[in-house]
Structure formats: C-alpha cells, structure tokens
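Novice: generate a structure from the sequence data that follows.
(2 chains)
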Amino acid sequence: MKKDQFKIPMPDESTIEAQISQIVSRGLVKRESFSSYLRSMVQQVGWRHLFSDRLELSFILSIAIGLYSLFLIVPNHAEIQDLYTYIFLFSPILFLALSIYTYVNKTQNATYDVEMACKYNVYQVIAFRMLAFSISTMFLNTLGIAFLAMKYEGIHFIRAFMLSSTSLLLFSIILLFALMNRRTKGIVMITIAVWVMGNTFLKSVNNELYNDMLLHMPVIVYAVVLLGCLIIFMNYLKKLIVFKQSEGVF
Amino acid sequence: MLVVKDVSKRYGDFTALQQINLEFNTGLYGLLAPNGAGKTTLIKMLATLIAPSEGEIYYNGKNIIDMDEQYRELLGFLPQQFGYYKNYSPKQYMLYLAALKGIGKKEALKKIDDLLEKVALGDVVNKKMKKFSGGMIQRVGIAQALLNDPKILILDEPTAGLDPKERARFRHLLTELARDRLVIISTHIVSDIESIANEIIMIKNKQLLYKDSVEDICSTLRGNVFETTIDFDLLEAFRKKYVLLSEKQEYGKMIVRFIHKGVPEAGWKPVAPQLEDVFLYEYRDEIEGEV
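Specialist: Numbers count the residues shown, from 1 in each chain, chains lettered A, B, ... in the order given. Reported below is the predicted structural model:
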C-alpha cells in the first residue's frame, strides 16, 4: 500500500507566494486607472462626439463670459471683503450652468436608453464633461481673479485663486453627491439655493468665522483643503463612471 | 450563455417581475406577452439599463452588472422608444453611436453603409431624420443595434411602425442574425416571432409561464381548439359560454374558433392550436381588460 502513495513535495513559501500572485494576476482583470480610462475614452470616442451638443454649450459659455466681463465695470473702490465673498460665491457658476445642462440634457433625452447601452454610456460622458467643465471654469476664474488682483491692490492673487478653486471643487462635490444620491430636480435646486443663500446670509450677518475663513485663513490651510477637495471630487467622478442607474432620473 | 437567476424587480410597493429564471443560448427567443406584463422591465435588466431588485443575470458565468462595459461591448440594443436627434442624418447618428460603442471612424463608416443598405435606407443616408416616417426611424434603430456586430442582440418591440413588407424583410434578417448569436425580441404581435423563434417566453402574473418551442407551447391546447359555424343571433350566448379565439362572418353565418376543454359537440371541427390561440387563451383576462 505504502508503495502506491504519491509524494507531492510541499513548495516553499516564496514559490507559494509567486504562484498565488500569478493566479491572481491571470484571474483578475486589471482595472484601468482613472486617467488612462479618460485617455482611452478620448481616443475612442473623440472630442467631437464627447461634446456633441457644442452649439448649446457654446451658448452657455458665451453667456458666462458675458457675466465675467461684468468685472470690467466693477467700481474702482470696493470692499475687499465683499470681493472675496463674491469670488467664493460665484466661482462655481459656470461649472454649474454647463453641468446641469449636460446632466438634464443627457438623462432626459429620448436617446437615453440607446446611449446607456453603449460601451461609453451617458454617465461616463457626463463624468468626462464635468471634469472638462471644472478645468475650463478654473481657467476662466483664474483669468478673472488675475484681472481683479491687477485692479485692486488689496486682492491677494494666490489667496483669491485658492478661495475660488476650493469653492468650485466644494460646490462640485456637493452637486455630484446630490445628483448621485437623490437624482431629483428638487435636490439640485435645493443645493443651489443653500449655496447662494447660505453664503449671502453669512456675509450679511457679518459672521466672524466666515470672514476669517475668507480673509485670514493661512494660504497653506487653503492648499490642504483644496487638495482634499480635489481628491474627493476625482473620487466622485470615478464613482459616476461606474454609476448604476436604478430607475428614473429627474 | 445568458442566465437569469431568481430575478425580481420591484418599484416601491409594485412588483413588476417575480422570481424569473431563464437560460438563453445562441438562437432566437421571442418574449411574448401583452402590454404591461413586464416585458420591457426584463429587457431593460438584460440590457443593464436597470438592475434587478433580487437575483442576478450572468453571461458565461459572470454577473453582467460587474462586467460593466465588457458586457455592453457585446450588446446590441433597440429600446421600445428609439430616441434620435431630429437634425441628424442616419449616418451622422450612427457615427455618433459607433463612437460611443468604441468603434473607429473608418471601420464605422463601412459598417454604417452596409447596415443602412441592409435595412433599405441606402438612398437616404444623408437625409435629416426629422423627415423620416416611423418605419424608417425604426429601421435606423435596428441598424444601430447591429453596429458592433453584437453577440447579444436585444430588440424591444422592433416591428412597431413597420409595414408588412418591412416586417417580412426584418424576419428574414433576424433569422440570418440568429445563426451565430443570441437574439431576444420582445413583442405582443404573435406573427412577428411565431415562424422564426427557436423558443417562446411568456410571462403571466409577473412570473414565467412558458419557455418552450412553439410546438410544445401549442401542444398545451391540443384537442381543445375547435371551429364551428353558428347563427349570428347565437354569437353573444356562445361568447359567454366559451373562450372565443376568432370570429369570421361568411354568408350570413359566423365561423367561430374557440376553446373547449371537455367532450366536443357534434358539428365542431377540431383544429390544430396555433401560438395565437395560446396567447389569446392565457391572456384572456388582460386582453379583455385592455379592450
């Protein structure tokens, strides 16, 4: 009997480790990184199709640029604190207009079902666009701030830039959170109303903490907050890419 | 190939589908049920447009929700309401959808011409779709579903708006396609699938009623379908007594086709049951309700 038994040599620890990692790497599909995913999306779909409703988006953009040009007629003497408040309050406006248009247009359109069954579906296109909108909004905001900094000596460019970018990303996170969790027109309206009214209220009652945050918070703290917001924002965009629709949007 | 396992779908308190179990392989499957029976819900789950409340759907052993874009790459889908951009031509729209499907422009252009030719739209490829008839739009929908040469082709009410000639051409196209892929068609029109489907799936009371060949489903009524001629005056009483499948007026009399389970009367001619008979019999309450 003993002669019939097979002897299987036990592999050593390093062989076991190597073989486990080999099995895992062969068995599991390697998940693409967010940036390489976006790159392959641009390569395969192309800018032209990613922004298929260019006419409408250009219209929104031109209105926004018109609003930005209002900076040209701001009075020569203005309260610095007021200017910082406006920068914080209005920085996400362009992003908001473009994103809401895209979101409603894509999810409400009769083509929704057809586009949802494609390799790159509606939510992936929305996520891509939101990223593009946030970058362009940040760029235009920076131009606006540069102009303000040239006009008003009291405006510190770096602080204003941090404030504006933080505001933009913070609002984007709140908007994405609202869209992905409730998906109702009401929740979007509430998000916008809370943002505008909350900021206006805090400014009008001359809240000390709010003023300190805008005027005196060290730039390094802003940089940390901005970085945190950027990470959370990118995380939400990644979530939107694999977002599963249960039923009913708006 | 595609397995639906213990799938239920609920919308709040309303249950649309309950404990559905199905298995699909290469071939043509007809999903046949009256409007509102849950066909579109099942189709939307198979196309990953909505997720099941319970249960899973697997493609070759992998959950289709987890497969994500890998699954959608294999999928061709025509929804019940095929949306389009009015100012686009079929070529422009299909180029756009081809891009979303990850197909390169060069390859797409060749495929688009072939497909539009196949659905007899070869001479209007550059015309704006706002001028198209319902049937023409539906044909664009069928063509776009084939863009990525899908392994799984799901068509929800594809023959809506097609005239009899177009329907015949469409059936021919489907038979050709189903030779090497899975084709699932949802419809409430029996003649669309009766002659071409390998298997028919029927849903009743939110649950699976039949998944079988046309012959086997028809055999459930074997010996119970009859035709006879009656006076017009007796029609109302006859309707109350039997499940009438069809009635036809001829020389002042009525030729009726009906179901009777029991001993037949003299003068009744037994006939071979058709799929339409089973459909009308099984869904008699829902159909009367609709009327």
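Novice: could you report the neighbour count for the closest residue to chain B within chain A?
Specialist: Going by Cβ to the nearest Cβ, chain B is nearest to A:Ala110 of chain A, at 2.8 Å. All C-beta atoms are positioned from the backbone trio N, CA, C, and that covers glycine. By other Cβ atoms under 10 Å in any protein chain shown, the residues close to A:Ala110 number 13.
Novice: quick one: name the residues of chain A near chain B.
Specialist: By Cβ under 8 Å from any Cβ of the partner chain, the residues of chain A that approach chain B are A:29, A:44-46, A:48-49, A:52, A:109-121, A:125, A:242, A:244-247.
Novice: mind checking which of the residues you listed are in helices?
Specialist: Under the assignment DSSP state H, these contribute A:44-45, A:48-49, A:112-116, A:125 to helices.
Novice: would you turn those residues into CSV with neighbour count?
Specialist: Shown next, in CSV, are these (neighbours: other Cβ atoms under 10 Å in any protein chain shown):
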residue, neighbour count
A:Gln44, 16
A:Val45, 24
A:Arg48, 12
A:His49, 17
A:Tyr112, 20
A:Asp113, 22
A:Val114, 23
A:Glu115, 20
A:Met116, 22
A:Val125, 22
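Novice: what's the farthest-apart pair in the residues you listed?
Specialist: Using Cβ to Cβ, the two most remote members of these are A:Arg48 and A:Asp113, lying 22.7 Å apart.
Novice: give me the mean pLDDT for stretch A:80-91.
Specialist: Model confidence over stretch A:80-91 averages 83 on the pLDDT scale.
Novice: just checking, B:Ser213 touches B:Glu194?
Specialist: No. Counting by Cβ atoms under 8 Å, B:Ser213 stays clear of B:Glu194, with 11.2 Å between them.
Novice: who has more neighbours out of those two?
Specialist: Between B:Ser213 and B:Glu194, counting by other Cβ under 10 Å, B:Glu194 is the more crowded of the two (18 against 13).
Novice: for the stretch 101-250 of chain B, which residue gets nearest to chain A?
Specialist: For the stretch 101-250 of chain B, Cβ to the nearest Cβ, closest residue to chain A: B:Gly102, 4.4 Å.
Novice: helix, strand or coil for that residue?
Specialist: What DSSP: H, G, I helix; E, B strand; the rest coil gives for B:Gly102 is coil.
Novice: residues touching it, list them.
Specialist: A:44-45, A:119-120, B:73, B:148 (Cβ atoms under 8 Å, 6 or more residues apart in numbering or on different chains).
Novice: got the ones in helices among the residues of chain A next to chain B as a markdown table, with pLDDT columns?
Specialist: Below are those laid out as a markdown table (pLDDT from 0 to 100):
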| residue | pLDDT |
| --- | --- |
| A:Gln44 | 87 |
| A:Val45 | 89 |
| A:Arg48 | 86 |
| A:His49 | 87 |
| A:Tyr112 | 91 |
| A:Asp113 | 92 |
| A:Val114 | 94 |
| A:Glu115 | 93 |
| A:Met116 | 91 |
| A:Val125 | 89 |
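Novice: any regions of chain B where pLDDT drops low?
Specialist: Within chain B, the ranges that satisfy pLDDT under 70 run B:286-291.
Novice: the residue nearest the centre of it in helix, strand or coil?
Specialist: Most central in chain B under Cα atoms, centre = their mean is B:Ser186, positioned 2.2 Å from the mean C-alpha point. Recorded secondary structure, B:Ser186: strand (three-state DSSP).
Novice: same question, B:Leu22
Specialist: Following three-state DSSP, B:Leu22 is assigned to strand.
Novice: how about the secondary structure of the residue nearest to it when sequence neighbours are not counted?
Specialist: Spatial nearest neighbour of B:Leu22, excluding adjacent residues (Cβ to Cβ, 6 or more residues apart in numbering or on different chains): B:Val4 at 4.1 Å. What three-state DSSP gives for B:Val4 is strand.
Novice: cool, and B:Thr229?
Specialist: Applying three-state DSSP: B:Thr229 is strand.
Novice: surely it touches B:Phe258?
Specialist: No. With contact defined as Cβ under 8 Å, B:Thr229 does not count as touching B:Phe258 (12.0 Å).
Novice: and these two? Which one has more around it.
Specialist: Taking other Cβ under 10 Å, B:Thr229 and B:Phe258 do not tie; B:Phe258 has more neighbours (21 against 14).
Novice: how many residues are close by residue 228?
Specialist: Looking at chain A here, since you left the chain open. Residues lying near A:Gly228 (other Cβ under 10 Å) number 14.
Novice: my bad, the chain I had in mind was chain B
Specialist: Neighbour tally, B:Thr228, other Cβ under 10 Å: 18.
Novice: can you tell me the element the residue nearest to B:Ile20 when sequence neighbours are not counted falls in?
Specialist: Take B:Ile20 and drop its neighbours on the chain: the residue closest to it by Cβ to Cβ, 6+ apart is B:Val7, 4.6 Å away. Secondary structure assignment for B:Val7, by DSSP states H and E: strand B:2-11.
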